[in-house]
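**Q** requesting a structural model of the entry that follows:
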Amino acid sequence: MTFQLKRTTGELLKLEHGIKSGDIDPYVLRDFRDAVDHIRKTAWAVQEWQERLVQKRDTATVIPLLVMERIRRGTQLYEALAEDLKNRAIRPEAAEIEGLFRAIERLYQELKQLN
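**A** Here you go, the predicted model:
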């Protein structure tokens, strides 16, 4: 994993130069930025977890941070999907639509129980 992280860091730095050219589809760039942001926050949480373990501090407070990040990321994804539906970028016959619909219904039912 350490080698893969070092290699990926190098690849990201190379990508940075290409991104600066400005010749990128804005849709693809937004997805890339969202993914990088998610990875950055996940890496931060894992590092925080590791540091707390080493320092013999409570790690339980890191879990709510991860949950909040999943909520934030989920919200971003749902908003992007809503925009895709509005722009007709998603085919209504796509097989994945049914699975997404069931997942959203389950999430909705769970959220309703919070009240």
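**Q** number of residues surrounding residue 38?
**A** 16 (other C-beta atoms under 10 Å). Every residue, glycine included, has its C-beta placed from N, CA and C.
**Q** the residue sitting nearest the centre point of the chain: helix or strand, and which one exactly?
**A** Closest residue to the average C-alpha location of the chain: residue 38 at 4.1 Å, with C-alpha atoms, centre = their mean. Residue 38 belongs to helix 26-54 when elements are defined using DSSP states H and E.
**Q** about what we covered before: which non-adjacent residue is nearest the residue nearest to the centre of the chain?
**A** Using C-beta to C-beta, 6 or more residues apart in numbering and skipping the chain neighbours, the partner closest in space to residue 38 is residue 73 (5.3 Å).
**Q** same check on residue 84?
**A** That would be residue 90: by C-beta to C-beta, 6+ apart, it lies 4.9 Å from residue 84.
**Q** so what's the one you found up against?
**A** 81, 84, 97 (C-beta atoms under 8 Å, 6 or more residues apart in numbering).
**Q** who's sitting farthest from the centroid in the protein?
**A** Most distant residue from the mean C-alpha position of the chain: residue 56, 29.2 Å away (C-alpha atoms, centre = their mean).
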